[in-house]
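In: Need coordinates for the below:
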Amino acid sequence: VQLQASGGGLVQAGGSLRISCVGSGFTLDNWAVLWFRQRPGKEREEVSGIDTSGGASYYNSFVRGRFTISRDHAKSTVYLELNRLTPEDTAVYYCAAGDWQKWRWDYWGQGAQVTVSS
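Out: Numbering: from 1, shown residues only. Alright, predicted model coming up:
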């Protein structure tokens with residue numbers, strides 16, 4: 001049971017990317033999902049989260065207004081749209097599945113590298 005993030009890449013400052021998170025060995029539909037990131041030399045940060053239904057979401061202040069989280073139950077996929085990227089957004093982005101009410105994240109996976117050039 002694990003998650004897989006994909007869709008990362010190299011983009012110029014001001015550009016956009018969409019990264020995706022899917023479950024391997026289980027369906028993501030029954031879980032809340034939180035995106036984290038780890039920038040070079042920095043602590044891991046919470047970025048954005050979405051509850052099971054998709055009706056509630058969370059954004060860290062440093063991405064609010066630039067990133068959008070969504071989920072597609074038909075594809076059992078959670079997306080994070082990254083817009084107006086800056087070099088400070090360069091990081092490995094990970095998704096985790098867990099409990100929205102308890103804010104506990106039980107399942108993790110490999111991340112997706114996002115690199116923003118200036």
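In: and residue 22, what element?
Out: Element membership of residue 22 [criterion: DSSP states H and E] is strand 17-24.
In: And the following helix or strand past that strand, what does it pack against?
Out: Beyond strand 17-24 in the direction of the C-terminus, DSSP H and E gives the next helix or strand as strand 32-38. Judged by 3 or more CB pairs under 8 Å, 6 or more residues apart in numbering; DSSP states H and E, the packing partners of strand 32-38 are strand 17-24, strand 44-50, strand 67-72, strand 91-99. (C-beta placed from N, C-alpha, C; glycine too.)
In: can you put those in JSON lines and add mean pLDDT?
Out: Below are the helices and strands packed on strand 32-38 laid out as JSON lines (pLDDT from 0 to 100):
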{"stretch": "strand 17-24", "mean pLDDT": "94"}
{"stretch": "strand 44-50", "mean pLDDT": "97"}
{"stretch": "strand 67-72", "mean pLDDT": "97"}
{"stretch": "strand 91-99", "mean pLDDT": "97"}
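In: right, so those: which one is the most enclosed?
Out: Highest mean neighbour count among the helices and strands packed on strand 32-38 (mean count of other CB atoms under 10 Å): strand 91-99, with a mean of 21.
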